[in-house]
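1. With the sequence up front, the predicted model follows.
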Amino acid sequence: MGIRTMTKRSLDSLPSPTNLLTQTLSGDTTNSTSKHFTRISRPVMAHYAVVYPDPSPDPVLLSAATPSANAIDLDPASFTTPQFLSVFSGETILPGTQPYAINYAGHQFSLFAGQLGDGRAISLFETENSQGERWDVQIKGAGRTPFSRFGDGYAVLRSSIREYLGAEHMHALGIPTTRSLALLGSSRQVYRDDTTSRQPERGAIVVRLAPSWIRFGNFELFYSRNDMNGVRQLADYCLDHVFGGGGNKLDSHYSCLKDLADDHKMPATAADKGKDKDKSSLNAPVDGNKYAQLFIKIAKRTAVMVAGWQANGFNHGVMNTDNMSVLGLTLDYGPFQILDYYDPSYVCNHSDDAGQYAFKRQPTVCIYNLFKLGVPLFELIGAKDKVDTLIYANKDKDANEEEDTERQQTPTDESTRQEYREIGKEYVTKILSEDFTDWFMEALDTKMRAKLGLTRQDETIMHDVIIPLLDWATEYEVDYHRFFRSLSNYTITADGEDGDADVALDIENSGSSGGTKLDIVTKDLERLVECKETLKPWLAIYRHAILLEEEESTGHHHLQQQQQTPATTDARRLRMDANNPEVIDAFENLPEAEAIKILNDCLYACSHPYQDHYDQEIVERWISTPVPEWSEGLKCSCSS
């Protein structure tokens, strides 16, 4: 990207004149003038429902993220204005805007849960920045919505801190994610069942951003209600405005998305073969179908997202379909953790007794979730070039309403729809069984080669270098991030592979002429010596890969020089499990001004993970301290 020019705007000027979601999709505006009624739990037969925030008492700004403000062209000076607090605490509605909550369903731990929706998140407005990027601005924790069911719609400070920091950290790591704009505290007392003390906790609001909050579950909801008009309306909205508008511009923010091509050519499915030539709808290629292209866009972005998770040791914890973004954004930070000791079987969610969402299973879960997304799209995909002729009965038609031309058309018969569904199912199954793995492995290969400082694209790197290294890290439960960060200082000298390995592994009396040792820490310290010895053969392979790459690019070797991995690939790891409790404890035990400073120190480190040194002493302590025993294998709750 070129240099970005930004015109700073006031909060008043942010809302777009037209909200594309509420203009395009169906809305429940029943009694929208009654703030109390809009918060009553009920079935909502529309894509969104008008709802008003419950104003937070005594709101205070705890932190604000300037990079996120820049993303929407908001002047950071707005942070300190009374209007900023008033709007994002839910007290004031900006002129020309109408808050709403989005309706969706979802499969939770493989069980369909019916209507879920935004139970504590309220979208305030859409905004478009100077680059043409469109953002939906939400507040989370502002009270009940029609989708809150038995919940209160509020959020507690501890979980809000985790989401606020986690989203900005993932963005800084180059992993597609929603963004955090600000964190507000209040005097509201909130009770949660998972606390041992049964004492109330401090309420909070996270102000967050996304190009779109549409999830897989949005499609599932309308399909479960046999409302294919609602499914098609939603799919068209995604094609025209999520991918066709500001959402597609998201790609420029992440290197992993810049080269993501949306075109996709598939061989003919079995349904395409052996059909009569005059049946054009069955012989037409599926790939030309716009809904097939929509599915491809979503599947590719999901593959790239989860590859970023796996490369960086991120365990989401609640990969229900209602937490899966159509844009491939990391969405809804609940019990998430980032691995310390490398353990593919790690489960961060204490409610996940079966380990369904374990770290190692995340790519497979994405395939399952994508199939669930595909089900509502089967017949739209399978209809191929005849999709615009599909007619569905209007479920909401008033019996006394005069029918227009479209309503007078006869709905497509069930046998034809079933045939289309079979074609679409075969197509989606083929994409997920063959192409998804290729997209995922390609993205993972790119991420891991960057961590190793290897730029040469060679299919042998994954087999010979990356997989053996991860197997070694698994066997000895190595501190994943400390090792990779130190690997950037691995030195190749004229002493040969044995001499360089002895120095790197800190083997006494190596007699080498120089070098830097690797920072290898194992969960079981008694296995450290064995761990180092077993890494020596791998170091020889890695050394050879480095020299081969250098020879291909320059024609010769430069021995006696460090192999320096680019500084932008291996972050200095903040232990989210260890430092987050310290930030939370600060708000309980220290003067608020001191707690706010600690929070903002942590935000800075989360947003700048590649610095060699931080001026904040507390950040350096967080990074350099070994994994605390109490946080080993830590599991968190979904409660917020």
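-> Nice, thanks for sending it over.

2. Specify the local secondary structure of Leu547.
-> Three-state secondary structure (criterion: DSSP: H, G, I helix; E, B strand; the rest coil) places Leu547 in helix.

3. residues near it, how many?
-> Neighbouring residues of Leu547 were enumerated by other C-beta atoms under 10 Å; the total is 17. In short, each C-beta sits where N, CA and C put it, glycine included.

4. pLDDT score assigned to it?
-> Looking at Leu547, its pLDDT stands at 92.

5. could you show me where the strands are in the stretch 401-550 of the chain, in order?
-> Taking DSSP state E, counting those that start in this stretch, the strands of the stretch 401-550 of the chain run over residues 491-492.

6. What of the stretch 101-250 of the chain?
-> Per DSSP E, counting those that start in this stretch, the stretch 101-250 of the chain carries strands over the ranges 107-108, 111-112, 121-128, 134-140, 155-156, 179-190, 201-210.

7. Show me the strands paired with the fourth one, marking each as parallel or antiparallel.
-> Spelled out, it's strand 134-140. Applying DSSP bridges to the sheet, strand 134-140 is found paired with strand 121-128 (antiparallel), strand 201-210 (antiparallel).

8. Could you do the fifth one as well?
-> Listed by DSSP bridges, the sheet partners of strand 155-156 and their directions read strand 201-210 (antiparallel).

9. Would you mind extracting the C-alpha trace of the partner strand into CSV?
-> As requested, the backbone C-alpha atoms of strand 201-210 are provided in CSV (Å, rounded to 0.1, in the frame of the first residue of the first chain):
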residue,chain,number,x,y,z
GLU,A,201,-17.9,-7.6,39.5
ARG,A,202,-17.4,-4.2,37.9
GLY,A,203,-19.2,-3.7,34.6
ALA,A,204,-17.5,-2.6,31.4
ILE,A,205,-18.1,-1.9,27.7
VAL,A,206,-15.9,-2.8,24.8
VAL,A,207,-16.2,-0.5,21.8
ARG,A,208,-15.3,-2.7,18.8
LEU,A,209,-15.1,-2.5,15.0
ALA,A,210,-15.5,-4.9,12.1
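
10. buried sites along that strand?
-> Residues of strand 201-210 classed as buried under the neighbour-count rule (16 or more other C-beta atoms under 10 Å) are 201-210.

11. Surely Asp519 touches Tyr480?
-> No: applying C-beta atoms under 8 Å, one finds Asp519 not in contact with Tyr480, separated by 11.2 Å.

12. Looking at the two, which is more packed in?
-> Taking other C-beta under 10 Å, Asp519 and Tyr480 do not tie; Tyr480 has more neighbours (21 against 16).

13. Contacts only, for the residue lying closest to that one once chain neighbours are set aside.
-> Using C-beta to C-beta, 6 or more residues apart in numbering and skipping the chain neighbours, the partner closest in space to Tyr480 is Tyr342 (4.3 Å). When the contact criterion is C-beta atoms under 8 Å, 6 or more residues apart in numbering, the partners of Tyr342 are 313, 470, 473-474, 477-480.

14. where in the stretch 451-600 of the chain is pLDDT low?
-> In the predicted model, the stretch 451-600 of the chain carries pLDDT under 70 at residues 508-515, 555-569, 571-579.

15. which stretches of it form helices?
-> Here the stretch 451-600 of the chain has its helices, by DSSP state H, counting those that start in this stretch, at 459-461, 467-476, 480-487, 496-504, 528-554, 576-589, 592-607.

16. With Ile175 as the reference, name the closest of those helices.
-> helix 592-607 (12.6 Å; C-beta to C-beta).

17. Name the residues that touch the closest one?
-> 60, 62-63, 65, 67, 161, 164-166, 168-169, 171-172, 183, 572, 574, 579-580, 582-583, 586-587, 590, 611, 614, 616, 618-619, 622-623.

18. Tell me which residues of it come out buried.
-> Burial within helix 592-607, assessed by neighbour count using 16+ other C-beta under 10 Å, is assigned to 595-607.

19. and those as CSV, adding distance to Arg485?
-> Rendered in CSV, the data for the buried residues of helix 592-607 read as follows (distance: C-beta to C-beta, whole Å):
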residue, distance to Arg485
Ala595, 29
Ile596, 29
Lys597, 26
Ile598, 23
Leu599, 24
Asn600, 24
Asp601, 20
Cys602, 19
Leu603, 21
Tyr604, 18
Ala605, 14
Cys606, 16
Ser607, 17
